[in-house]
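Student: Quick one: sequence and predicted model below, then my questions.
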Amino acid sequence: MPPTPIPLSDLDYGPEEEAAILRVLRSRWLSMGPEVQAFEAEMARFLGVEHAFAVSSGTAALHLACLALGIGPGDEVIQPAINFVAAANTTVAVGATPVFADILGLDEPTIDPEAIERLLTPRTRAVVVMHYGGYPARLADITELCSRRGVALIEDACHAIGALYLDERQRPPHGAQSGTVGDIGCFSFFSNKNIAMGEGGLVVTRRPDLAERLRLLRSHGMTTLTWDRHRGHASTYDVVAHGYNYRLDELHAALGRCQLRKLPGNNVRRAALVAVYRQALSAFDGWIVPFATFAGESACHLSVVVAPDTPTRDDAVKHLKGAGVQTSLHYPCVAGFDAFRRFAAPSLDRSEAFTSRVITLPLFPTMTVDQVHEICRELALATGQETTSGSVGRG
Ligand SMILES: Cc1ncc(COP(=O)(O)O)c(C=O)c1O
């Protein structure tokens, strides 16, 4: 019998999500309305932030962040080279230049604050940090640097809903929810995220001036919404800015509300699974399990391991595939993509080494501890390592 496949991620969906969808269908209102409003209020409360706007994707959130901050042609936006391409694409979409910074190291693949400092120029308008795998970047250093140099901070918190930043020196923003520290925070609720809605996102800020811009730009710069007019709260509208349709709909918001209720428990479950992975993989000679000394509370979005070299990584991936274990690579270095080669990049040695050696292993809240052990045993088998996960054998 071939082994039962283990996917990279899976949904924690049940009767709550089904009931939520039915509730919306029976309400006969599908576009932005009461579910979206409730979702925004619940997210704002969860994150402890004044302004939270539901949007159609994490990419829309990042694009709105650039637009609300007035970033445009001639401006530079410093961002990590190890990231999903959305921050870089939205930088280019507003006519600005992405400037790629190296990561701290193979054991901490978030943006290096010293690299940011070296790359700052009079044209730098913003820094984007990405909380890789749910582990907040070095926010105390970076917020201090951004405020000293008068540069905006955008948090790409798409991996990190529910992650807490704890600085060992207890400097601000000690204990903050990731995504609420910078000028603007961006979240994704794509199918594989800790809150999974299919497509969807959220953009948050504490600044009332940015909140007003985000609200307008999300919906074509219009002063009222269809929902306001439907309820008789308004009969017409003006257009006061050039915006987009980045609205979320009621069906996705209803799913998001169910998923938010499950998030604290699911993040705890993810952390328990990551602890099992860490325990098993730390016995592997020459392999690195990133964030071993991380002091905060991770959202544990990803489980990644760094192989000693590229051939070992590639062999391991091939073996896992044969054993029915799905893997991925978070991420190829953005500066290496064809469309981004035209942007000069400084030395990105650590990012390139990370890309060539990292493997993303399955992680999802409904995963079992046995599945984690199976994956570690297969990995040990593929690479001739000793394992604490017992012997291989899977039906
Ligand atoms: C780190 C990161 N940033 C941005 C995004 C973009 O989010 P979305 O796919 O919702 O547009 C993603 C989603 O995959 C992501 O992982």
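Tutor: Arrived safely, thanks for sending.
Student: okay, now whichever residue of the chain sits closest to the ligand: neighbour count?
Tutor: Nearest to the ligand in the chain, going by C-beta to the nearest ligand atom, is Gly58, at a distance of 2.5 Å. For every residue, glycine as well, the C-beta is placed using N, CA and C. Neighbourhood size, Gly58 [other C-beta atoms under 10 Å]: 27.
Student: how about the nearest residue to it, chain neighbours excluded?
Tutor: Ser188 (2.7 Å; C-beta to C-beta, 6 or more residues apart in numbering).
Student: Correct me if wrong: that neighbour contacts Ser56.
Tutor: No - using C-beta atoms under 8 Å, Ser188 is not in contact with Ser56, being 10.5 Å away.
Student: Can you tell me how far the residue of the chain closest to the ligand is from Val372?
Tutor: 27 Å (C-beta to C-beta, to the nearest Å).
Student: all helices of the stretch 101-250 of the chain, in order?
Tutor: 113-119, 139-149, 208-218, 226-230, 250-281 (DSSP state H, counting those that start in this stretch).
Student: Using CSV, lay out those helices together with mean neighbour count and distance to the ligand.
Tutor: CSV is the format used below for those (neighbours: other C-beta atoms under 10 Å; distance: least, C-beta to the nearest ligand atom, whole Å):
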stretch, mean neighbour count, distance to the ligand
helix 113-119, 18, 18
helix 139-149, 18, 16
helix 208-218, 19, 14
helix 226-230, 15, 23
helix 250-281, 20, 11
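Student: And those, which one averages the lowest pLDDT?
Tutor: Note on those: helix 226-230 shows the lowest mean pLDDT, a mean of 80.
Student: now that one, how far from the chain's geometric center?
Tutor: 32 Å (C-alpha atoms, centre = their mean, to the nearest Å).
Student: same thing with stretch 200-209?
Tutor: Using C-alpha atoms, centre = their mean, the offset of stretch 200-209 from its chain centre is 15 Å.
Student: With just CA atoms, put that stretch into CSV.
Tutor: Extracted in CSV, the C-alpha atoms of stretch 200-209 (Å, rounded to 0.1, in the frame of the first residue of the first chain):
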residue,chain,number,x,y,z
GLY,A,200,-8.6,37.7,2.0
GLY,A,201,-6.5,40.1,4.0
LEU,A,202,-6.4,42.9,6.6
VAL,A,203,-4.6,46.2,6.8
VAL,A,204,-4.2,47.8,10.3
THR,A,205,-2.8,51.1,11.7
ARG,A,206,-2.9,53.1,14.8
ARG,A,207,-2.6,56.4,12.9
PRO,A,208,-5.9,58.1,12.1
ASP,A,209,-4.5,60.0,9.1
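Student: For that stretch, buried residues please.
Tutor: Across stretch 200-209, burial judged by 16 or more other C-beta atoms under 10 Å covers 200-207.
Student: picking that back up, check contacts around the residue of the chain closest to the ligand.
Tutor: 86, 156, 158, 186-190, 201 (C-beta atoms under 8 Å, 6 or more residues apart in numbering).
Student: Mind doing that once more with 6 Å?
Tutor: 158, 186, 188, 201 (C-beta atoms under 6 Å, 6 or more residues apart in numbering).
Student: Tell me which of these fall in strands.
Tutor: Using DSSP state E, the subset of the contacts of Gly58 located in strands is 186, 188, 201.
Student: ok, and which of these reach the ligand?
Tutor: 188, 201 (C-beta under 6 Å from any ligand atom).
Student: Between Ser188 and Ser56, which is the more surrounded one?
Tutor: Per other C-beta under 10 Å, whichever of Ser188 and Ser56 has more neighbours is Ser188, with 29 against 19.
Student: Could you confirm whether the top strand by length along the chain reaches the ligand?
Tutor: Longest strand in the chain by number of residues (criterion: DSSP E): strand 124-130. Yes - counting by C-beta under 6 Å from any ligand atom, the ligand is contacted by strand 124-130 at Met130.
Student: ok, that strand: who's next to it in the sheet?
Tutor: strand 76-80 (parallel), strand 152-156 (parallel) (DSSP bridges).
Student: Need the residues that contact the helix or strand that the first one is followed by.
Tutor: The reference is to strand 76-80. The C-terminal neighbour of strand 76-80 among helices and strands, as given by DSSP states H and E, is helix 86-93. Contact with helix 86-93 is made by 59, 62-63, 66, 77, 79, 98, 128, 156, 334, as judged by C-beta under 6 Å, 6+ apart.
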